[in-house]
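Trainee: coordinates only, no sequence provided:
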């Protein structure tokens, strides 16, 4: 009895045959639900079905042809009709992605004419396939840097960008200073592909302005005081090149001594969800596919530093929760790190104000994304417990009191 292991986990095999021209394998998608290409709404309402013949890698020197069931769905939200999408087969393509990659490698080591003759594929098809494969391999990354009141730190970031092993990236600098200090820095780093634009204060506002200017496939949001490792963008490129499942990637923040900074991050890599997002994502480690941004809201400009509201944090978490809400997936890689200094723990008026603003922003995001009552109550009680723990250290206890006040204001606002 014929039994072939396909090695394509998105498909389940329905039927296998060995015919005179090769192996024929009938397959259907394992997932029975599809996300609407127009509005992102998940649906399982099938409009109609058809079969597409797709060529795959040979097995035991026999050609392999997949007969793929392609379902068309009708979205129950926007009522548009759309077709199944596949990780291993590009839209309207009659060859699997891995077979295209194989042919591309063969053409590199031989001639298109020779590969065409040997594999019985039209010359023009191979020529187009090779061009598309070459074009697709040149992934471009766009980095949006909002900056205010920093010079040396911004220069250190730019120095790290000059050292990147992967060179196909652009830097959109959103300058929120009233003077021309950033103009001078950008002129100094003329070897970088920099787009400079002015903006009024507000971190979320700056990022939204930057998003209107990007031309890359992947978008990152480095802080103006963070530092990239030499292989950071190479790592990002490889992640998205090898995974179609995830539309965003996050990592861990560390200081220059490789100690965790910025937040209490989880130590284990995992898929991101509504529950673990608070310990798996911080803005300057986020990289997201540009193609999905038409389906989600931009950064909420009432959230974040410089917003002019009491809600001084949470903008990046809100942004990612909006992506997850559309049934897209993201991945936290604990081994992927961005360097960012740890904030010095000084308990002064500035720290108390930050605790209040961050607490209010945190609570607003919990309310906005309908976290349960128990979760919200627990979030209110945590700073109160901390006050009791640090009652003999009044300055630190006061910090947690401001955090509680901020969270309470965020809840009732």
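Mentor: Arrived safely. What you are looking at is a predicted structure, and each value in this text was computed from that prediction instead of being measured.
Trainee: show me where pLDDT drops low in this protein?
Mentor: 1-5, 37-40, 91-92, 131-138, 344 (pLDDT under 70).
Trainee: and it, what are its domains?
Mentor: As recorded under automatic domain parsing, the domains making up the chain are 1-94, 95-137, 141-339, 349-412.
Trainee: could you dump those domains into JSON lines with mean neighbour count added?
Mentor: C-beta here means a position set from N, CA and C on the backbone, and glycine is covered the same way. Output for the domains of the chain, formatted as JSON lines (neighbours: other C-beta atoms under 10 Å):
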{"stretch": "domain 1-94", "mean neighbour count": "15"}
{"stretch": "domain 95-137", "mean neighbour count": "15"}
{"stretch": "domain 141-339", "mean neighbour count": "18"}
{"stretch": "domain 349-412", "mean neighbour count": "17"}
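Trainee: where does the nearest residue to residue 278 once chain neighbours are set aside fall, phi/psi-wise?
Mentor: Nearest non-adjacent residue to residue 278, counting by C-beta to C-beta, 6 or more residues apart in numbering: residue 317, 6.8 Å away. Phi and psi for residue 317, reported as degrees, to the nearest 10, are phi -70, psi -40.
Trainee: quick check, residue 197 in a strand?
Mentor: Yes: applying DSSP: H, G, I helix; E, B strand; the rest coil, one finds residue 197 inside a strand.
Trainee: what's near enough to touch it?
Mentor: For residue 197, the contact set (C-beta atoms under 8 Å, 6 or more residues apart in numbering) comprises 172-175, 209-210, 213.
Trainee: surely residue 80 meets residue 36?
Mentor: Yes: assessed by C-beta atoms under 8 Å, residue 80 is found in contact with residue 36 at 6.6 Å.
Trainee: give me the spatial nearest neighbour of residue 44, chain neighbours excluded.
Mentor: Spatial nearest neighbour of residue 44, chain neighbours left out: residue 33 (4.6 Å); criterion: C-beta to C-beta, 6+ apart.
Trainee: contacting residues around the one you found?
Mentor: Shown in contact with residue 33 (C-beta under 8 Å, 6+ apart): 42-44.
Trainee: name the nearest of those residues relative to residue 376.
Mentor: Taking C-beta to C-beta as the measure, residue 376 lies nearest residue 42 of those, at 26.7 Å.
Trainee: give me the phi and psi for that closest one.
Mentor: When read as degrees, to the nearest 10, the backbone of residue 42 gives phi -80, psi 140.
Trainee: same check on the one 4 residues further on?
Mentor: Phi and psi for residue 46, reported as degrees, to the nearest 10, are phi -80, psi 130.
Trainee: look up how far residue 70 lies from it.
Mentor: Applying C-beta to C-beta, to the nearest Å, the value for residue 46 to residue 70 is 11 Å.
Trainee: which of the contacts of residue 197 fall within helices?
Mentor: 209-210 (DSSP state H).
Trainee: just flag the most distant two among the contacts of residue 197.
Mentor: With C-beta to C-beta as the measure, no two of these lie farther apart than 175 and 213, at 12.9 Å.
Trainee: thinking again about what came up before, now tabulate the contacts of residue 197 in CSV and tack on distance to residue 338.
Mentor: Output for these, formatted as CSV (distance: C-beta to C-beta, whole Å):
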residue, distance to residue 338
172, 18
173, 18
174, 19
175, 22
209, 22
210, 18
213, 22
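Trainee: all the helices of the stretch 101-250 of the chain, residue numbers only.
Mentor: Assigned by DSSP state H, counting those that start in this stretch, the stretch 101-250 of the chain shows helices spanning 112-119, 123-136, 152-162, 181-188, 203-211, 232-242.
Trainee: mind checking which of those is nearest residue 326?
Mentor: Ranking the helices of the stretch 101-250 of the chain by proximity to residue 326 (C-beta to C-beta) places helix 203-211 first, at 16.6 Å.
Trainee: now that closest one, how far from the centre of its chain.
Mentor: Mean-position distance between helix 203-211 and its chain equals 17 Å (C-alpha atoms, centre = their mean, to the nearest Å).
Trainee: same check, this time on stretch 203-223
Mentor: On C-alpha atoms, centre = their mean, the centre of stretch 203-223 falls 13 Å from that of its chain.
Trainee: end-to-end on that stretch?
Mentor: With C-alpha to C-alpha, to the nearest Å as the measure, stretch 203-223 spans 10 Å from end to end.
Trainee: could we number from 26 for the rest of this?
Mentor: New numbering, starting at 26: the last item is stretch 228-248.
Trainee: which residues does residue 356 contact?
Mentor: Counting by C-beta under 8 Å, 6+ apart, residue 356 touches 264, 268, 271, 273-275, 294-297.
Trainee: wait, which of those residues is closest to residue 310?
Mentor: Within the contacts of residue 356, the smallest distance to residue 310 is 5.0 Å, found for residue 275 (C-beta to C-beta).
Trainee: give me the distance from stretch 127-142 to the chain's centre.
Mentor: On C-alpha atoms, centre = their mean, the centre of stretch 127-142 falls 34 Å from the chain's centre.
Trainee: contacting residues around that stretch?
Mentor: Contact with stretch 127-142 is made by 82, 120, 144, 146-148, 151-152, 154-155, 158-159, as judged by C-beta under 8 Å, 6+ apart.
Trainee: just to revisit the earlier point, how about the helices of the stretch 126-275 of the chain in JSON lines, adding distance to residue 99?
Mentor: Shown next, in JSON lines, are the helices of the stretch 126-275 of the chain (distance: least, C-beta to C-beta, whole Å):
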{"stretch": "helix 137-144", "distance to residue 99": "38"}
{"stretch": "helix 148-161", "distance to residue 99": "30"}
{"stretch": "helix 177-187", "distance to residue 99": "46"}
{"stretch": "helix 206-213", "distance to residue 99": "50"}
{"stretch": "helix 228-236", "distance to residue 99": "31"}
{"stretch": "helix 257-267", "distance to residue 99": "30"}
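Trainee: much appreciated, bye for now.
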